[in-house]
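**Student:** can't give you the sequence, but here's the structure:
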């Protein structure tokens, strides 16, 4: 089996919105957005709303985490894949399942009760920190960057503030 052409994986708790569907997709040259999320995979209304903000010519797939693990190796060589996940735990599940992810862009992880804000758009709790630390130990580079033309910050440096 060939290695799938994964251009980037992004964590964004909003999943797909204009910044992802147009700005990041265009900057990467992606032609396939793979939203790996167990809820979005079965929510047709959510899928329809996300499809509205995706650039013309870009295809979407809404897969559960397990389906992503099961079929990512079957991706065609012409597919330039941009994976979107909601949490670092979801990315860790994919990596442990054999999805060849080596770089993760962290866009938005909203503040909620029990989370600490470590960046303007990123808040984490203990489970998030543990997942990021495990991803880093597995050799995955994790960088916070909202938009392509912004300078990124390594999550390991930001986690030192916790």
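**Tutor:** Perfect, thanks for sending it. The model shown is predicted, which means the values in this text are computed figures rather than measured ones. Numbers count the residues shown, from 1 in each chain.
**Student:** what are the boundaries of the strands in the protein?
**Tutor:** With DSSP state E as the criterion, the chain has strands at 6-12, 32-36, 59-63, 81-85, 103-108, 116-119, 122-124, 141-144, 153-154.
**Student:** take the ones you listed and write them to CSV, including mean pLDDT.
**Tutor:** Formatted as CSV, the strands of the chain follow (pLDDT from 0 to 100):
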stretch, mean pLDDT
strand 6-12, 97
strand 32-36, 98
strand 59-63, 97
strand 81-85, 98
strand 103-108, 97
strand 116-119, 95
strand 122-124, 96
strand 141-144, 98
strand 153-154, 96
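**Student:** show me what the residue nearest to residue 6 when sequence neighbours are not counted is bridged to.
**Tutor:** The shortest distance from residue 6 to any non-neighbouring residue, by Cβ to Cβ, 6 or more residues apart in numbering, is to residue 81 (4.9 Å). From N, CA and C alone the C-beta is placed, and that goes for glycine too. Applying DSSP bridges to residue 81 gives these bridge partners: residue 6, residue 32.
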